[in-house]
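Colleague: Compute the structure for the input listed below.
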Amino acid sequence: MTWIDAQTHCRKEYDDLASLTSQTELMDVRSLLEPMGVQWAWIGLYKPLWTTWSDSSTNTNFYNWETPFNIYTDDYCGCVTAATGKWKVMPCTSFVKFICFGDTQKQTVVKMKFQSKLDLNNMELQRQIIEQMENRLRPAREANLTVKWRVTAKTSNLTDPVTNQNVQIKCHP
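Modeller: This next block holds a predicted model:
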């Protein structure tokens, strides 16, 4: 994607393009890119004077430029070189992979075995069970808890004796 398309995607799906403001963040990004064989990836670094990130933060303590440069036109944007972690500028219209950042969502999967003569395929029964699970879990969790019903493949060890199907409830806190 071009830099602007990558930024638009990151702002829609996450928070923004990645801001690499420390050696630790840089190493984290490199550990993601290198195994995928990515040569460069857009990051949120842009002008003026290459000290501002696309999320409007500025960083004056950590710089990792590949070589000194004197490109001060608006058609260049910042990227990171996966192999070295060094920053460089490329034409913003180049098609390059990109790194987004944002709050990560913790996902917990809870497998449950039901022993019931009720039809667990009944959508209303599933809705009631999910509602009860949400009510029990919500006081101990954040308010944005989502409980989902999922029937797994028959290869699982958790099989309902009545329906002979595997049952699992998936929680997304």
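Colleague: ok, residues contacting stretch 22-42?
Modeller: Outside stretch 22-42, the residues within contact range by C-beta atoms under 8 Å, 6 or more residues apart in numbering are 1, 3, 6-7, 17-20, 43, 62, 64, 77-83, 85, 88, 90, 96-99. Yep, even glycine has a C-beta here, placed from its N, CA and C like the rest.
Colleague: got the buried residues for that stretch?
Modeller: 25, 26, 29, 30, 33, 38, 40, 41, 42 (16 or more other C-beta atoms under 10 Å).
Colleague: average pLDDT across the helix or strand containing the first one?
Modeller: This points to residue 25. Using DSSP states H and E, residue 25 maps to helix 23-33. Averaging the model's pLDDT scores along helix 23-33 yields 88.
Colleague: What of stretch 120-136?
Modeller: The pLDDT scores in stretch 120-136 average 81.
Colleague: Check which residues of it are buried.
Modeller: 120, 126, 129, 130, 133.
Colleague: re earlier: which of the buried residues of stretch 22-42 sits closest to residue 137?
Modeller: Ranked by distance to residue 137 (C-beta to C-beta), those are led by residue 25 at 32.8 Å.
Colleague: Give me the secondary structure label for residue 85.
Modeller: coil (DSSP: H, G, I helix; E, B strand; the rest coil).
Colleague: whoops, I mixed them up, residue 62
Modeller: In three-state terms, and counting by three-state DSSP, residue 62 is coil.
Colleague: go on, residue 121?
Modeller: coil.
Colleague: For the protein, just list every one of the strands.
Modeller: Using DSSP state E, the strands of the chain run over 16-17, 40-42, 45-46, 52-53, 76-81, 87-91, 97-98, 100-101, 108-111, 146-150, 168-172.
Colleague: which helices and strands sit right next to the third one?
Modeller: It stands for strand 45-46. Packing partners of strand 45-46 (3 or more C-beta pairs under 8 Å, 6 or more residues apart in numbering; DSSP states H and E): strand 52-53, strand 76-81.
Colleague: What strands flank that strand, and is each parallel or antiparallel?
Modeller: strand 52-53 (antiparallel) (DSSP bridges).
Colleague: avg pLDDT for the strand it pairs with?
Modeller: 72.
Colleague: Report the beta-bridge partners for the nearest residue to residue 40 once chain neighbours are set aside.
Modeller: Distance criterion C-beta to C-beta, 6 or more residues apart in numbering; nearest residue to residue 40, sequence neighbours excluded, is residue 79 at 4.6 Å. With DSSP bridges as the criterion, residue 79 is bridged to residue 42, residue 88.
Colleague: how far away is residue 79 from residue 7?
Modeller: Separation of residue 79 from residue 7 (C-beta to C-beta, to the nearest Å): 12 Å.
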